[in-house]
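In: Got a sequence here, can you build the structure:
(chains A, B and C)
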Amino acid sequence: MKKTMNKTTKNNFINYGIVIAIFVIVEILSGTGNLSRLLTGLLVPLCVYTIAAISLNLIVGFSGELSLGHAGFMCVGAYSSALFSHIASDIPQVPRFILAILIGAAVAAVFGVIIGIPVLRLRGDYLAIVTLAFGEIIKNLINILYVGFDENGLHVATSSANLKLAAGGKQILKGALGISGTGALYKDVKHYFFPIGIILVLLTLFIVQNLVNSRSGRAIMATRDNRIAAESVGIDVTKFKLLAFTISAALAGVAGVLYAHNLSMLKVSGFDYNMSILILVYVVLGGIGNLRGSMIAAIILYALPELLRGFANYRMLIYAIVLIVMMLFNWAPAARNWRARVMEKIRGTKNKKEAA
Amino acid sequence: MSFLSYLKDGISLGSIYAIIALGYTMVYGIAKMLNFAHGDVIMVGAYVILTAVTRGGMSPVLAVALSVIFCTVLGMVIEKVAYSPLRKASSNLAVLITAIGVSYLLQNLALLIFGADAKSFVTVIDVPSVSLFDGQLVIKGITIVTILSCIVIMAGLMLFVQKTKPGRAMQAVSEDRDAAQLMGVNVNATISMTFAIGSGLAAIAGLLLCQTYPTLTPYTGAMPGIKAFVAAVFGGIGSIPGAMVGGILLGVIEIFGKAYISSQVADAICFAVLIVVLLVKPTGLFGKNIQEKV
Amino acid sequence: MAMLEVNHLAIQFGGLRAVDGFNVSIEKGQLYGLIGPNGAGKTTIFNLLTGVYKPTEGIIKLDGQDITGKSTIEINKAGIARTFQNIRLFKDMPVLDNVKVGLHNHHSYSTLTGILRLPKYHKVEKEMNEKAMEILKVFDLDKEADTLAGNLPYGKQRKLEIARALATNPKLLLLDEPAAGMNPNETQELMDTIRFVQKHFGMTILLIEHDMKLVGGICEEVTVLNFGQVLAQGETLKVLKDPAVVTAYLGE
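Out: So this is what the prediction gives:
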């Protein structure tokens, strides 16, 4: 019994260790000038997608529901925090950025509850398609949203003309054109977005790992393994599914905040269902319910197409083939048996050698 | 009169959704998987017709036949290579992600071969328009062809599923795969056939789509694919009449949304209606309600 | 006062009255059997008692409290726990955690306490571990605490289900065919365990069983169900000799 406690704790710390090690290696490489511009540009997005993948794994891996709308929560977190950053531009940068993160998380969490309550009544694939629908609705609505402010306060409208800003007023969100110049608001903080991203990854890991290994986490996993049995021992299934959904949404919101502030132009078109699917691919390929797998899959699969840029048109083709082959290799029962046989053989010869 | 005009546009678009949704719904009913690549087969079918007509100089009829055959074979190959090894995988998410991979693969192959530029599609079906109410309402020939095709396909499929032996095998596999196997139904062949039919229909949908909206890019199939999936869920996934009704309703809602509310939020309206339908009836309009036995 | 008092319980599915006019009264600490041929409505009665189905008619009282029509969760909190005919464990969780889920409502700390690992988390988790191990020991499962529940052999899975149900600290334990699929040795061992639970925890137990030997061996009283209705009720040995019961089981 003590041993399991130690084992999970050890596993958790290995995950923190991997993140810190990656940070240290990157810092050394960039300090010695060995980091290409391309890779430097990937660092913050990598943190964004790692957080997104870990948080989605909470829904898919631990609560056992398929969500195809994770980008929607990131979108909400991104826009709410970017709006805040523009409006509250007189707050000093560091506290403002911290507040922006909290606001992104909170707004995404509220959306998590609003969407989760109806969605979690559904099962399986129906639930999946409704999360996809919500993600698309969020994207569509923000696409026609115009926000600006002047001395009279905040103005919200569905077209630029309807904003009716007074002279000297500033338009922040311009419908499909999005929000520009959010990163420029943080001249001092901007250079630390990668370390901040790493801290946020660690924080996400901390929250998800500790949640999973707690009373509420066990209840969440019980509802995944057997809904009827969970109810029979007095677990409120809806409550714990909603808890997982909301925490996951909030963390996706945090990923969105980082994403929004790292871009010179924040456009809603980036948050389509393809983004949700991309994150889901990380989760499934990394192993459902395996947080370390999510992290590693997010890093490799996000970096892969970027690093294949030299292959121009072939890169996404290679990506698609790699994806299919890896899925078959990881999940097909025939491939699994084959791998087991090979492992057996390797072990067998080893034992023989040892015996000899 | 504009109302009637929008209605016929809606029914026409909806008929295309319905034909795509039929493919989704049959595959889901039998293989229990969301074939995310289904929309991209439409795009492939359309490129085949375009190439056969413009480069190969084929007659339209021959080009369409070639496209249907090509997509049918493509569907069977995809199923055999990418999906069937995962049929007994421990998680049904595995095959979903593989389908996403196949979708990327088809899109990027098309991108390599045909380039990213939008190609304008050739007119393959040339049927004269019909003028009603002294010319106040003009119905294009392609609209009539689209709606008729949808009705014929759906009636044909219903007959096939209910009256023929392979059709009944499909029903049996969809009901209980293991029991069907024990009763001597060749499950692998039945699933393969379902993919063949669904993909053949996708080729026809590709033709009709590109006749109504005559531009073609490697991403042409993606959004109609998603919409058709929504339509299938809307109607109750696994149900053939459900796919038809769901498809047409979705098309009408989309066109009305664009006409009367805003073209930018038309998609949002479609998705919102889906959500409302599922909340009232969690298995769609025609879906069977299955309760887990305790 | 009886621990479980059921009056005129009935449920209708479409045209079928799956259970009709079911009455039973079980005293505290009693080991009571519910038997009958396949399709007699035994599991349906369990589903009615635990709120999976809502009864069309009738009243269910647990320890004097009316629980008719309440939800499964409320009924478990009121004091009924059950096992399932087709085993329903939390398969991808360790044996220990299966029992700890059963303890969920009795050892509590908030989600935030769990995430932040506040002192209360460590204290309550320690209590839960001790309590869970204590229950596992009763079923001789303590050595498999770290095994995934889905990897346990069949007989042990059945035992773990009982352990998990007991963890919710019920007043009444419902066992749905606990010996199904077990060999005679395992069945014998299970009978001893059930008796031990009855004595050690002073537990009131209602069990569904096909195995007549098991019923005859441990149940003090039984009800025989046929086509949703009570065929016979009373002291086990007398009831099993009742000609109507023999006919129902063996045919004319």
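In: going forward, measure contacts between C-alpha atoms and count neighbours the same way
Out: OK.
In: For chain A, which residues are neighbours of chain B?
Out: Chain A comes close to chain B at residues A:118-119, A:121-122, A:126, A:129-130, A:133-134, A:136-138, A:140-141, A:143-144, A:228, A:281, A:284, A:313-314, A:316-317, A:320-321, A:323-324, A:327-328, A:331-334, as judged by C-alpha under 8 Å from any C-alpha of the partner chain.
In: what residue lies at the spatial centre of chain A?
Out: When C-alpha atoms, centre = their mean is applied to chain A, the residue found nearest the centroid is residue A:52 (0.6 Å).
In: mind listing the strands for chain C?
Out: Using DSSP state E, the strands found in chain C span residues C:4-13, C:16-26, C:31-35, C:57-62, C:65-66, C:80-82, C:172-176, C:204-208, C:221-226, C:229-235.
In: Please disregard the earlier target; I meant the stretch 1-150 of chain A.
Out: A:146-150 (DSSP state E, counting those that start in this stretch).
In: tell me the helices in it, going along the chain?
Out: A:2-31, A:37-57, A:70-87, A:93-119, A:124-143 (DSSP state H, counting those that start in this stretch).
In: cool, the stretch 51-200 of chain B as well?
Out: B:60-78, B:93-114, B:141-163, B:165-175, B:177-182, B:187-212.
In: Let's have those in a markdown table, adding distance to chain A, mean pLDDT and mean neighbour count.
Out: What follows is those, written out as a markdown table (distance: least, C-alpha to the nearest C-alpha, whole Å; pLDDT from 0 to 100; neighbours: other C-alpha atoms under 10 Å in any protein chain shown):
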| stretch | distance to chain A | mean pLDDT | mean neighbour count |
| --- | --- | --- | --- |
| helix B:60-78 | 11 | 94 | 20 |
| helix B:93-114 | 5 | 90 | 22 |
| helix B:141-163 | 24 | 90 | 17 |
| helix B:165-175 | 16 | 88 | 19 |
| helix B:177-182 | 18 | 87 | 14 |
| helix B:187-212 | 16 | 92 | 25 |
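In: can you redo those as CSV with distance to residue C:59?
Out: Output for the helices of the stretch 51-200 of chain B, formatted as CSV (distance: least, C-alpha to C-alpha, whole Å):
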stretch, distance to residue C:59
helix B:60-78, 58
helix B:93-114, 44
helix B:141-163, 47
helix B:165-175, 38
helix B:177-182, 41
helix B:187-212, 49
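In: What number of residues are in the vicinity of residue B:30?
Out: Counted with other C-alpha atoms under 10 Å in any protein chain shown, the neighbours of residue B:30 add up to 22.
In: Confirm it sits in a helix?
Out: Yes - according to DSSP: H, G, I helix; E, B strand; the rest coil, residue B:30 belongs to a helix.
In: ok, it - contacts?
Out: Shown in contact with residue B:30 (C-alpha atoms under 8 Å, 6 or more residues apart in numbering or on different chains): B:170-171, B:173-174, B:191, B:194, B:238.
In: hmm, back to that, go through the helices of the stretch 1-150 of chain A and name the closest to chain C.
Out: Checking the helices of the stretch 1-150 of chain A against chain C by C-alpha to the nearest C-alpha gives helix A:2-31 as the closest, at 6.7 Å.
In: In the closest one, which of the residues would be classed as buried?
Out: A:12, A:15-16, A:19-20, A:23, A:26-27 (16 or more other C-alpha atoms under 10 Å in any protein chain shown).
In: Redo these as JSON lines? Include pLDDT.
Out: Below are the buried residues of helix A:2-31 laid out as JSON lines (pLDDT from 0 to 100):
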{"residue": "A:12", "pLDDT": "90"}
{"residue": "A:15", "pLDDT": "92"}
{"residue": "A:16", "pLDDT": "94"}
{"residue": "A:19", "pLDDT": "94"}
{"residue": "A:20", "pLDDT": "94"}
{"residue": "A:23", "pLDDT": "94"}
{"residue": "A:26", "pLDDT": "91"}
{"residue": "A:27", "pLDDT": "90"}
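In: Format these as JSON lines; extra columns: distance to chain C.
Out: Below are those laid out as JSON lines (distance: C-alpha to the nearest C-alpha, whole Å):
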{"residue": "A:12", "distance to chain C": "13"}
{"residue": "A:15", "distance to chain C": "16"}
{"residue": "A:16", "distance to chain C": "16"}
{"residue": "A:19", "distance to chain C": "19"}
{"residue": "A:20", "distance to chain C": "20"}
{"residue": "A:23", "distance to chain C": "24"}
{"residue": "A:26", "distance to chain C": "29"}
{"residue": "A:27", "distance to chain C": "29"}
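In: Quick check: residue A:340 vs residue A:330, distance?
Out: 12 Å (C-alpha to C-alpha, to the nearest Å).
In: circling back: for residue B:206, find the nearest of the helices of the stretch 1-150 of chain A.
Out: Set against residue B:206 and scored by C-alpha to C-alpha, these come closest in helix A:124-143, at 23.1 Å.
In: about what we covered before: so of the helices of the stretch 1-150 of chain A, which one's packed in deepest?
Out: helix A:70-87 (a mean of 28; mean count of other C-alpha atoms under 10 Å in any protein chain shown).
In: any idea how far that helix is from the chain center?
Out: 14 Å (C-alpha atoms, centre = their mean, to the nearest Å).
In: pLDDT on the helix or strand harbouring residue A:344, on average?
Out: Assigned by DSSP states H and E, residue A:344 belongs to helix A:333-355. The average of the pLDDT scores along helix A:333-355 is 76.
In: list the buried ones in stretch C:124-139?
Out: C:125, C:128-129, C:131-133, C:135-136, C:139.
In: Mind listing residues that contact stretch A:184-202?
Out: A:16, A:19-20, A:23, A:43-44, A:47-48, A:50-51, A:85-86, A:89, A:93-94, A:183, A:254, A:258, A:262, A:264.
In: can you check stretch A:12-31 too?
Out: A:35, A:195, A:198, A:201-202, A:205, A:209, A:292.
In: Out of those, the closest to chain B would be?
Out: Out of those, the member with the shortest distance to chain B (by C-alpha to the nearest C-alpha) is residue A:292, at 18.3 Å.
In: can you tell me how far the residue nearest to the centre of chain A sits from residue C:43?
Out: Taking C-alpha to C-alpha, one finds residue A:52 at 44 Å from residue C:43.
In: all helices for chain C, in order.
Out: C:42-49, C:72-78, C:95-102, C:111-116, C:119-138, C:154-167, C:184-200, C:212-218, C:236-241, C:243-250 (DSSP state H).
In: For the residue of chain C found nearest chain A, which non-adjacent residue is spatially closest?
Out: For chain C and chain A, the shortest gap (C-alpha to the nearest C-alpha) falls at residue C:73, measuring 4.3 Å. Among residues not flanking residue C:73 along the chain, residue A:234 sits closest, at 4.3 Å (C-alpha to C-alpha, 6 or more residues apart in numbering or on different chains).
In: and that neighbour, what is it in contact with?
Out: Taking C-alpha under 8 Å, 6+ apart as the test, what residue A:234 contacts is C:72-77, C:102, C:104-105, C:168.
In: Same question for residue B:132.
Out: Contacts of residue B:132 (C-alpha under 8 Å, 6+ apart): B:138-139.
In: can you tell me how far it sits from chain A?
Out: Noted for residue B:132: a distance of 36 Å to chain A, by C-alpha to the nearest C-alpha, to the nearest Å.
In: Local confidence estimate at that residue?
Out: At residue B:132, pLDDT is 75.
In: partner residues bridging it?
Out: Applying DSSP bridges to residue B:132 gives these bridge partners: residue B:137.
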